[in-house]
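**Student:** Dropping a prediction and its sequence here:
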Amino acid sequence: MSYTDNVILDYKPQRVWTSPVDLNLFLAGTGAATYFWGVLWGSWIGEGIGVLAVALGGLVTQLELGRPSRAWRALTRLGGSWMSRGVLFLSFFVVLGALSVLPSLPGLAGLPWGPSTTTGIVISTLAQILALGVTFYSGMLLSSWPSIPFWNTPLFPLMMMAFSFAGGSAVILTVLSLQAAPVSLTQVELDTLYLAGLCAVMALLYLATMAPSTLASRASVRIILWGKHSLDFYLGLAAIGLLLPLILLFLDYRSGSSPAESPLRIVATAALLVGGFMVRRIWLRAGVYGLPV
Amino acid sequence: MRWGMAIDLKSCVGCNSCTLACKVENATPPEIQWIRVMEKEEGNYPTAKRSFFPLRCNHCADPPCLTICPTGATYQRDDGIVLVDYKKCIGCGACMIGCPYQVRFKWENGRGYYSTGYTPFEEEGYARYEEGTYQKCTFCSHRLDQGLPPACVQTCPTRALTFGDLDDPDSEINQLLRARHYTRPREELGTQPSTFYLS
Amino acid sequence: MAVAKVMSTGTAVGSDKKDVWIPTACGMCYMSCGIRVHVVDGKVVGLEGEPNNPQNRGIMCAKGKAGIMNLYNPNRVRTPLKRTNPQKGIGVDPGWVEISWEEALDTITSKLSALKDDPRQLFVQTWEVIGDNYYWLAALAAAFGTPNVMPASSASCGKVIHPMEFLSGGGFHQQPDLHYCNYALLVGTQIGTAARGCFNHMATDYAEARKRGMKVVVVDPISSYAGAKADEWIPIRPGTDSAFALGLMNVLVNELGIYDAPFLQKQTNAAYLVGPEGTYVRDPISGKPLVFDAAFEKAVSYDASSPEVSLEGSYEVAGVKCAPAFQVLKDHLRSFTPEKMSEITTVPAATIRRVAREFGAAAQVGATTILKGQELPLRPACVDWARGPQGHKHGFHNCWALKLVNILVGNVNMPGGIQSTGAAGNTPHRWRPEAGQDGMMEHGGSFLPVPHPTAFPGRDPSEPIRQDAFELFPVAGHATTMFPLVATEPEKWGLDYHLGAVIHTPGNFLLGSFGDFAVVERFYQSVPFALGFAIEINETNEFDDIILPFPSYLERDDFVLPLQFMIPICGDDQWYWQIRQQVVPPPAGIRAPQEVLMEIGRRLGILDDMHRILNQIMMLKDPHRLEAHQSYPIKEIHDRMARSWFGDEKALDWFEKNGVLPIPREVEERYPGPFIEARIPIYLEHYINRGKQLEAVAKKMGRSWDFSDYQALPTWMPCESFHTVGRDEYDLIAVHYKLAFVYGHYGNENPWIDEICEQNPYTYSVLMNTETGKKKGLRDGDPVWLESRVARTKARVKLTECIHPEVVGIAGHFGHWSKGMPQSRGKGVAFNSLMPYDLDHMDMISTALDHCVAVKVSRA
Ligand SMILES: Nc1nc2c(c(=O)[nH]1)N[C@H]1C(S)=C(S)[C@@H](COP(=O)(O)OP(=O)(O)OC[C@H]3O[C@@H](n4cnc5c(=O)[nH]c(N)nc54)[C@H](O)[C@@H]3O)O[C@H]1N2
Ligand SMILES: Nc1nc2c(c(=O)[nH]1)N[C@H]1C(S)=C(S)[C@@H](COP(=O)(O)OP(=O)(O)OC[C@H]3O[C@@H](n4cnc5c(=O)[nH]c(N)nc54)[C@H](O)[C@@H]3O)O[C@H]1N2
Ligand code: SF4
Ligand code: SF4
Ligand code: SF4
Ligand code: SF4
Ligand code: SF4
Ligand SMILES: [Mo]
């Protein structure tokens, strides 16, 4: 027996964008930030991972479209639709990002736009700017629609960016650790720690400001704190996704361990990535429509 | 010319004739009702009662679904009717998220009502749709073009639905709007819906 | 833009046009609205209301709009079937195998022929009232020679209303005159908002009336659709409507002095003198009832009096102390004080007083209006009721009390008041209610002879020979609810035969017509041979030995759509004749049911008798009468009917082209009230004698019997649940109500309708007051056990503010288990299964079953 309360006027969570849109948002945001940090810290592997993640995110979404084969049409309304423009940014980013990484790949060093060439620098700087756009854009888009009040706040893109950059930073931290890179990781680790802290603060701030805001956003907060997604929230996001990495990174930082790989960091990175995914998952599913009438 | 719909909430009895008139007229696939009758309870025992709100696309003058749509599949006619070109739609769902009224629907997997295949009615009716794309109330534009009222309006047993040209000051709908109190659904969002709930 | 533009009108089946609109009648409920069906390349692709049909005026309701999915239901029966598993029972797989028509008809003929030496052994359930198949079945039964016919389906809906209308209004059902009514007191009905027929015009007129300022007060344990559109909802404890009405009348008559004296004097038996025995004081020579004539200052027979007959006072006539019936009523009412009635009904005494005041004022006793140049009384207030107050132990008295409110203010068949449906007409022939014994209304007006026996003066009770013991219900319209009770133990009722076979329509009698399914199961098991028609295999069909496939309404030809003349539109509206015709041919294995029945009749050698009977009920005139030794295709008979009634210029082909013939009506047809030359009762004198006669019969039979209902004036007596509510283990009262988008069981298999039901938590659930639920520790949506003394079923609870705290509300007709109904199987609650099914839970006047069921609810 399937009963629904479909026709009861009530605050209803959206069911259109759940999974794998959460995966897309996670991959695109974290990937772009990873690329960003990769360029900054000179980790081409990080850059590469970033680009791949973004591309994968794009692919996942495309496959989920009602008509995947028509995906190209998403680029046909650049004049009017931010969504269309977003797709363009994302595509440009993937192209430029990939271009910028290519010369670093073994055997391709001969390509004329190597990392130290002017062209190379222009490309990667452009890609970096686009990456910034990618981390910002999806949150921006979702927050721009009044239909779902819980998303309709500048905190949304900001928090998404915080998670993206925290995740990206952690990935770079791990990559560099595993590479046993000759750079000092203290700064990267400290960045990651601060960013993770920022994420926690923003999530709390988000919930605190949304709870009293509208009835619909209150319903969203309720879903997160007491409802269907409370386990995701307390365990997935709060405990694993934020608290655990914060503690591990702090301990690791305190212990002042050397550039050599530290299992704590790897675990912390994984946990932070879980958090990054969880926040998208939860925030999407807690997107409750305002009343239609 | 701009089409609009007035819905008399005092008359509507929640009978769902409009819902199924639309089903027949537009052969909408399973789990899709372009118009559905929302309801809520008001008051406490012993003065409680149920009240009904037929809900369909409002053919907003400033439709967020259209602003969002990355493909241009969602478009607006000169008479204000917002339509979807099923051939262009990629089924991304952005319009569904952006529409504050939850009145857009995706036809998943070309499903019909029976696992044994389409009925002759469905066979004939679904030919106009594309699976995986979004659809919604068209204000029965195909009927309007023939000079017929929308199917839901034609059948509503309580005559709660009045359809007409908002730009024509003498139209039945404008006369009603002058005579009665009304609200527009979520008007504060700036969508300029062309639905008017008479109270 | 309100009315549908006329599309190209139709050409019937067989036309080679690829794209046509064919006029026909809807069949998704018994109202048979006019529709036009869009057929493209032999596929039905759309339908729309017929604007020229006065009943639906171009409108179609949700049920009707869903009809296409009934037509194309892949689970329809398409060929004759026979059962291979001899065992019958609920949940037992019949082991259907397909057989040829020849084999099916052979089996049927041989089984039925075997009963011919005592034809009473045949039981026929004819309820399938969307078309004229109904009459063919009745003709078959009559020609075969059995009295055991079940012409109705419900255990509650028409039990009281029809006999009551025959004696107090002259038509078949009642309808408030929404054109002029200003105050509608709706007691247990969802007219204009969800139920009743025809929904389409009622919903329109009701909405219009409310816009014009008609006040609506709904007295109902549940505030669903009716409550939603009421100015005031008055929650009432189920089964106490007579107490409410008696309180109301007491205030009207004894506190406010509001009643229509001239009407009571002239058009009722209010002035008839009643003696100490409760019977009339009669003229010793003529035997006519006497009245006291104030002008002559003496008692004279009712038909020799001046208009100045006394309604009040006490008299002595030839040594007998007596008083006018009205005085007796007045005194009777005094004991029903609003305060006491309040304790029974839970309606505050102040509310009863206020409603009486409002109603009395709104009735404008004495006012008149001019219609088409004729001056008529205007009584723009009425009480309307339907299923709510009927289905109770003592349901007759609930309704009789409510009816009397209308009679007291003289609104019967008057503009603004209560209308009796189809009571009078001029076209194509003239019919009127007529007076009989004692000047009282004896023959209701009916376009065609109806299957109901007259309710006044009733019949002499006798020891039963029918399997429903109808003989023991001398004032009932029918006793259909009794069949399973009597037929499972006929010896105990003094019957010397058992039922040998049943023929039934596609109706779902097992679920819809009786109570406790265990009893009904035993009944269908006890009949050795069952022939059922089926559209889809429902629970009743699961007991059949042979199933014959039945066409969908879009594949049928019907010239008579019974309810269109029994419950037609009333008051200031037109009369009309609408037909049904095939819009698509039925699948190859399906035949026209009328032709199937005539073929069975032919094989049984009774076809000529069937023809004779049909000639009579269908009022066929020469040269169109059906001849002996002839077989006719159904369309030819329809043509003969058309020509007999409407003349050669309106033969069948005219109707096939136009669908409907609107017929204008005169004022006397619209509002027959002032013109009817028959009195209606305020005092049911014949009940006294019928009760006494019955006592004698019961004594002879050695049966104990409850005679408490045989009273001339309405009274309040409790249902079982009145004693248990809040006290007993079964502490709640379950009642049911209808949904606008569901008719009977028809739409249950329709996926569009099911979709609406599934989305709405009120439909398939059990409604309970929020507070009551809290006390029981239940949360909205919890799974619960719903349990009566005879059944236990699992359901989902819907907590709501819109229900009386002592009540559990169940919607629609659900709870299927038949394999042939996969869409609806396991959804909702089969309300009738909960009803204890015996004489203690039956209204002994009408055989209505008590549908206020004592239940308990616990978390599952
Ligand atoms: N849409 C639709 N229309 C229909 C039908 C249908 O199934 N669907 N069926 C047709 C048929 S067969 C019939 S009989 C008519 C019935 O027409 P109605 O009788 O108007 O229909 P119901 O909804 O059953 O109305 C009964 C009301 O009585 C209330 N009630 C129950 N018990 C009591 C009681 O003890 N006292 C009082 N005062 N109220 C009580 C119920 O809550 C309910 O609101 O409708 C006809 N029209
Ligand atoms: N819970 C609950 N129970 C009720 C009532 C209620 O309101 N609620 N109302 C009571 C009343 S007033 C009544 S009159 C009875 C009615 O009782 P029902 O049993 O509902 O009515 P029927 O018309 O006898 O039977 C309906 C069945 O007829 C068959 N049928 C006949 N013709 C057609 C057709 O053209 N199309 C389709 N699809 N099926 C057809 C179908 O198999 C369908 O299942 O129920 C009574 N029981
Ligand atoms: S058809 Fe009319 S009355 Fe019925 S639910 Fe729709 S708008 Fe309301
Ligand atoms: S109601 Fe929704 S779908 Fe319709 S025009 Fe407005 S935003 Fe678009
Ligand atoms: S689903 Fe179709 S109509 Fe909606 S936004 Fe995407 S492309 Fe446009
Ligand atoms: S206007 Fe037409 S398309 Fe829109 S809800 Fe009504 S019937 Fe459906
Ligand atoms: S009221 Fe009955 S006959 Fe009329 S459209 Fe509805 S289901 Fe059909
Ligand atoms: Mo009924």
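**Tutor:** That came in fine, so what should we check first? Ligands and ions are numbered 1, 2, ... in the order given.
**Student:** In three-state terms, how would A:Leu132 be classified?
**Tutor:** helix (DSSP: H, G, I helix; E, B strand; the rest coil).
**Student:** Check what pLDDT it gets.
**Tutor:** Per-residue pLDDT puts A:Leu132 at 95.
**Student:** element containing residue 167, please.
**Tutor:** All of this refers to chain A. Using DSSP states H and E, the element containing A:Gly167 is helix A:155-179.
**Student:** please go with chain C instead
**Tutor:** Using DSSP H and E, C:Leu167 falls in helix C:161-168.
**Student:** Give the full set of residues in contact with the residue nearest to C:Asn658 when sequence neighbours are not counted.
**Tutor:** The shortest distance from C:Asn658 to any non-neighbouring residue, by Cβ to Cβ, 6 or more residues apart in numbering or on different chains, is to C:Pro23 (6.4 Å). Any C-beta I mention is one placed from the backbone N, CA and C, and that applies to glycine too. Neighbouring residues of C:Pro23 by Cβ atoms under 8 Å, 6 or more residues apart in numbering or on different chains: C:9-10, C:34-37, C:50, C:581, C:656-660.
**Student:** C:Pro23 belongs to a strand?
**Tutor:** Yes. The assignment for C:Pro23 is a strand, going by three-state DSSP.
**Student:** ok, now how distant is it from C:Ala435?
**Tutor:** 40 Å (Cβ to Cβ, to the nearest Å).
**Student:** And C:Ser153, by the same measure?
**Tutor:** As judged by Cβ to Cβ, C:Ser153 and C:Ala435 stand 32 Å apart.
**Student:** out of these two, which sits in the more crowded spot?
**Tutor:** Between C:Ser153 and C:Ala435, C:Ser153 has the larger neighbour count (other Cβ atoms under 10 Å in any protein chain shown), namely 22 against 15.
**Student:** Which secondary structure state is assigned to that one?
**Tutor:** Going by three-state DSSP: C:Ser153 is coil.
**Student:** okay, the closest residue to it other than its chain neighbours: pLDDT?
**Tutor:** Spatial nearest neighbour of C:Ser153, chain neighbours left out: C:Trp127 (4.0 Å); criterion: Cβ to Cβ, 6+ apart. What the model reports for C:Trp127 is a pLDDT of 94.
**Student:** burial of C:Trp127, as a residue count?
**Tutor:** C:Trp127 has 22 neighbours, counted by other Cβ under 10 Å.
**Student:** just the one 3 residues further on next, same as before
**Tutor:** Each residue near C:Ile130 was counted by other Cβ under 10 Å, and the total is 23.
**Student:** Over to B:Arg50?
**Tutor:** 20.
**Student:** So it belongs to a strand, correct?
**Tutor:** Yes. Counting by three-state DSSP, B:Arg50 is located in a strand.
**Student:** Touching, it and C:Ile803? I think so.
**Tutor:** No. In this structure, B:Arg50 is not within contact of C:Ile803 by Cβ atoms under 8 Å, at 10.9 Å.
**Student:** Give the residues shared as contacts by these two.
**Tutor:** Common contact partners of B:Arg50 and C:Ile803 (Cβ under 8 Å, 6+ apart): C:Ser223.
**Student:** Can you pull the poorly scored residue ranges out of the chain?
**Tutor:** In the absence of a named chain, chain A is used. Filtered on pLDDT under 70, chain A yields the residue ranges A:1-3, A:181-182, A:257-261.
**Student:** Switch to chain C, please.
**Tutor:** Residues of chain C that meet the criterion pLDDT under 70 lie in C:1-17, C:450-452.
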